[in-house]
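In: Please find the sequence and the predicted model below.
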Amino acid sequence: MNKLALCLALLLAPALSLAGCPEYLDHAMRKLHSKEEVNICALQDGRPMLIVNTASHCGYTRQFAGLEALHRNYGDRGLVVVGFASDDFRQEARDEAEAAQVCYVNYGVTFTMISPSAVRGADANPVFRALAEQSGEPSWNFNKYLVDGSGKVVQHFGSSTEPDSGTLTEAIEGVLAAAADPA
């Protein structure tokens, strides 16, 4: 392969790998307390996702530990967990460094966390706008959207559904089984 062809292949590779990704996930978003951005399509890469709106000062904040357990338990099987920090319910730390402390230090979060953005209404980020169209807006912090590899919401769980609940576990097992055997 000549140098020009190699350069073109390298330039087009990201566009080609994201071609099957739904438009609503094709956005670069800044990671929590970081200058680094991540494209949600690249993060998903055709795999099932659990998308959660989070807040660092909420009665449900303890769910970070359970979400991290899901990430560790199911990550090798293809589940991508991603948290979207939000102050829509006025329970997110005003300072991103404090929010990062809660996530990364207090709860040991290693899954991707996105910097604070709106998850409801006209100002909602494009991911949550599309999730709302598919299955409704989050009614509070720690709503969980289980999305299949094509970007379709399989099931929406409210805040009171704990990450280790049988209902959520069963849904995750189902979407992973379907992803492993698409026939």
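Out: Good, I have the coordinates. Numbers count the residues shown, from 1 in each chain.

In: just the helices in the chain please.
Out: Here the chain has its helices, by DSSP state H, at 3-17, 40-44, 63-74, 96-100, 126-135, 166-180.

In: helices or strands up against the second one?
Out: Helix 40-44 sits against strand 80-85, with contacts defined as 3 or more C-beta pairs under 8 Å, 6 or more residues apart in numbering; DSSP states H and E. C-beta: built from backbone N, CA, C; applies to glycine.

In: Please report how far the residue positioned nearest the centre of the chain lies from Arg30.
Out: Nearest to the geometric centre of the chain sits Val82, at 2.7 Å (C-alpha atoms, centre = their mean). The gap separating Val82 from Arg30 is 13 Å, by C-beta to C-beta, to the nearest Å.

In: what touches both of the two?
Out: Common contact partners of Val82 and Arg30 (C-beta atoms under 8 Å, 6 or more residues apart in numbering): Ile114.

In: Chain neighbours aside, what residue packs nearest to the residue nearest to the centre of the chain?
Out: Thr112 (4.7 Å; C-beta to C-beta, 6 or more residues apart in numbering).

In: so that neighbour sits right up against Glu36, yeah?
Out: No: at 10.1 Å, Thr112 does not count as touching Glu36 under the criterion of C-beta atoms under 8 Å.

In: Comparing the two, which shows the higher neighbour count?
Out: A direct count of neighbours by other C-beta atoms under 10 Å for Thr112 and Glu36 places Thr112 higher, at 17 against 9.
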